[in-house]
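**Student:** Give me coordinates for this.
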Amino acid sequence: MTQTELRTASPAGTPGTALQEKHAGPRRSLLLLMAVATGLSCAGNYVAQPLLDLISRDLGLGSVLTGLVVTAAQAGYALGLMLIIPLGDVLDRRRLAVTLFSATALFLTVSALAPSGPVLLASTILTALTSVGAQVLVAHAAALATAETRGRAVATVMSGVLLGGLLARTAAGGLSGIGGWRTAYWVLAVLMAGMAVVLHRYVPRLFDSTDLRYPALLRSTLALLREEPVLRRRALLGGLSFASYSVQLTAITFLLSGAPYHWSAPAIGLFGLIGAVGVLTMTFAARLADRGRVSLVTGTAVALLLLGWPALYFGAHSLIWLVVGVIALNIGQQAVLNSSQTVIYGLRPEARSRVNSAFSTSFFFGGATGSALAAVVWAVAGWTGIAALGAGLAALGLVVWLTGRDH
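**Tutor:** Now for the predicted structure:
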């Protein structure tokens, strides 16, 4: 049996404000605040990537141990998606988000002070584990929104997640030039601590509580995939789309660093900012989804993913085609993600956090699989093999959409 209790309070404690926002949809200023918060939270998972060489020399780490810093962030985030996100259905999401943001600030501080590689690895895992506070806010935005505004609300908050990952690498590199690699961790720790205070002050309380115990909560998350065919299909589609996108994201560094481009690491990092184009199109796709055109948005997005790969193939020797392909994949992947979230958040209002956990875990697993396959295929078949792999994954996504259009 499940008991649902809706508790509301305004940010300042005035009763009823959150309930009014629920009926009218959250204010844009609140959504933008939540977007900034999710961006900061996700940044901690990417801050180490441009700093690996500096970290290696300062802490005396070998290449294997240094590379594990990135792997540790991926592993910690995956655990957080599976083990922490479902708690949003039994706890006050605002309190959960504030607690996770505070914990992330603490673990970033440990990273900034890390005297050795093992300490840095441990703090990186814990930072990534608690960084899923960003996903708690995404689910909270969906709960605050009306059915007519849910797509735009989720798109706005998710834009922070995406921009945080894109901008973290550039910001970390710049900050390292001011005071070494630890500076980026210090700055982000302070910002996360400050954001925890701001979230506590301005984000309204609105949550559904259930009497499920934690083990049963995790089992029910898996049960949702079995019971909800739409969730299962959207999770598979999301995983395939992110796998296809991640193939490009992983292999393009190899392409640009070799012939005929021979780009430097900073130049490759700046090229990654093209991904911001996908963020800019999210609101347009979300508006179409909110107007009942989810199927059109998803179908167009999957087609863009597939069509982007021939352009990327020719991009091996043409920067123009490379840019066209990257933009197509970014727009396609972001539109698949947003349209899928619009659909799944309307399935089980009392279990939004568990629905998010099931979908996001599948989505992340797809991305990790795509990255791993890209590394192997690049070594065996180069950019031609990469293009075939990415196109094949996108084609599978198109088949999933064609054989089971839900909206």
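
**Student:** can we go C-alpha only for contacts and neighbour counts from here?
**Tutor:** Noted.

**Student:** Which helix or strand contains residue 322?
**Tutor:** Using DSSP states H and E, the element containing residue 322 is helix 319-344.

**Student:** same for that helix, what does it pack against?
**Tutor:** Contacts defined by 3 or more Cα pairs under 8 Å, 6 or more residues apart in numbering; DSSP states H and E place helix 319-344 against helix 150-179, helix 229-257, helix 276-280, helix 282-290, helix 294-314.

**Student:** Name the residues of it that are buried.
**Tutor:** For helix 319-344, the buried set under the neighbour-count rule, 16 or more other Cα atoms under 10 Å, comprises 321-323, 325-344.

**Student:** angle of that helix against helix 294-314?
**Tutor:** Here the directions of helix 319-344 and helix 294-314 differ by 160 degrees (axes from the mean of the first three to the mean of the last three Cα atoms, to 10 degrees).

**Student:** In a markdown table, list the helices and strands packed on helix 319-344 along with mean neighbour count and distance to residue 117.
**Tutor:** Putting those into a markdown table (neighbours: other Cα atoms under 10 Å; distance: least, Cα to Cα, whole Å) gives the following:
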| stretch | mean neighbour count | distance to residue 117 |
| --- | --- | --- |
| helix 150-179 | 22 | 18 |
| helix 229-257 | 24 | 24 |
| helix 276-280 | 18 | 33 |
| helix 282-290 | 22 | 39 |
| helix 294-314 | 22 | 37 |
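
**Student:** and those, which one's lowest on average pLDDT?
**Tutor:** Lowest mean pLDDT of the helices and strands packed on helix 319-344: helix 282-290, a mean of 67.

**Student:** got the end-to-end distance for stretch 251-263?
**Tutor:** In stretch 251-263, first residue to last residue: 14 Å (Cα to Cα, to the nearest Å).

**Student:** which other residues reach it?
**Tutor:** Here stretch 251-263 makes contact (Cα atoms under 8 Å, 6 or more residues apart in numbering) with 264, 265, 268, 316, 317, 374, 375, 378, 383, 386.

**Student:** Which of the residues you listed scores worst on pLDDT?
**Tutor:** When the contacts of stretch 251-263 are sorted by pLDDT, the bottom entry is residue 265 at 62.

**Student:** and stretch 62-82, how far from the chain's centre?
**Tutor:** In terms of Cα atoms, centre = their mean, to the nearest Å, the centre of stretch 62-82 is set 15 Å apart from its chain centre.

**Student:** who's in contact with that stretch?
**Tutor:** Under the criterion Cα under 8 Å, 6+ apart, residues 45-46, 48-49, 52, 55-56, 117, 120-122, 124-132, 218, 357-358, 360-361, 364-365 lie in contact with stretch 62-82.

**Student:** Confirm for me that residue 143 is in contact with residue 349.
**Tutor:** Yes: counting by Cα atoms under 8 Å, residue 349 is a contact partner of residue 143 at 7.5 Å.

**Student:** between those two, who's got more neighbours?
**Tutor:** Between residue 143 and residue 349, counted using other Cα atoms under 10 Å, the more crowded position is residue 143 (25 against 14).

**Student:** returning to that earlier point: report the buried members of the contacts of stretch 62-82.
**Tutor:** Neighbour-count burial (16+ other Cα under 10 Å) applied to these gives 45-46, 48-49, 52, 55-56, 117, 120-122, 124-132, 218, 357-358, 360-361, 364-365.

**Student:** For the protein, name the helix or strand with the lowest mean pLDDT.
**Tutor:** Across the helices and strands of the chain, mean confidence by mean pLDDT, DSSP states H and E is lowest for strand 6-9: a mean of 40.

**Student:** Touching, residue 137 and residue 95? I think so.
**Tutor:** No: contact criterion Cα under 8 Å: residue 137 and residue 95 do not qualify, at 10.7 Å.

**Student:** neighbour count winner among those two?
**Tutor:** Counted by other Cα under 10 Å, residue 137 and residue 95 do not tie: residue 137 has more neighbours, with 28 against 16.

**Student:** give me every residue that touches that one.
**Tutor:** When contacts are taken as Cα under 8 Å, 6+ apart, residue 137 is in contact with 34, 38, 93, 94, 97, 157.

**Student:** now the helix or strand where it lies and helix 150-179, what's the angle there?
**Tutor:** Using DSSP H and E, residue 137 maps to helix 133-144. Here helix 133-144 runs at an angle of 160 degrees relative to helix 150-179 (the same axes, to 10 degrees).

**Student:** gap between residue 47 and residue 274?
**Tutor:** To residue 274, residue 47 is 18 Å away according to Cα to Cα.

**Student:** the more surrounded of the two?
**Tutor:** residue 47 (24 against 15).

**Student:** Next up, phi/psi of the more buried one, please.
**Tutor:** Dihedral angles of residue 47 (phi, psi; degrees, to the nearest 10) stand at phi -60, psi -30.

**Student:** circling back: right, so of the helices and strands packed on helix 319-344, which gets closest to residue 110?
**Tutor:** In this view, the helices and strands packed on helix 319-344 are compared for proximity to residue 110 by Cα to Cα, and helix 150-179 is the closest at 16.9 Å.

**Student:** Show me what the next helix-or-strand element following that closest one is packed against.
**Tutor:** Next helix or strand after helix 150-179 toward the C-terminus (DSSP H and E): helix 182-202. Where contact means 3+ Cα pairs under 8 Å, 6+ apart, helix 182-202 is packed against helix 28-43, helix 93-113, helix 150-179.

**Student:** For helix 182-202, give me every contacting residue.
**Tutor:** If you take Cα under 8 Å, 6+ apart as the criterion, helix 182-202 is touched by 10-12, 30, 34, 37, 40-41, 44, 47, 94-95, 97-99, 101-102, 104-106, 108-109, 111-113, 171-172, 175-176.

**Student:** The same query, at a cut-off of 6 Å, please.
**Tutor:** For helix 182-202, the external contacting residues (Cα atoms under 6 Å, 6 or more residues apart in numbering) are 11, 98, 101, 102, 105, 108, 109, 112, 172, 175.

**Student:** Which of the residues you listed ranks first by neighbour count?
**Tutor:** Within the contacts of helix 182-202, most neighbours by other Cα under 10 Å means residue 101, with 31 neighbours.

**Student:** tell me the contacts of it?
**Tutor:** Contacts for residue 101 (Cα under 6 Å, 6+ apart) come out as residue 196.

**Student:** and the strand or helix carrying residue 206, what's its mean pLDDT?
**Tutor:** Per DSSP H and E: residue 206 is located in strand 205-208. Here strand 205-208 scores 68 as its mean pLDDT.
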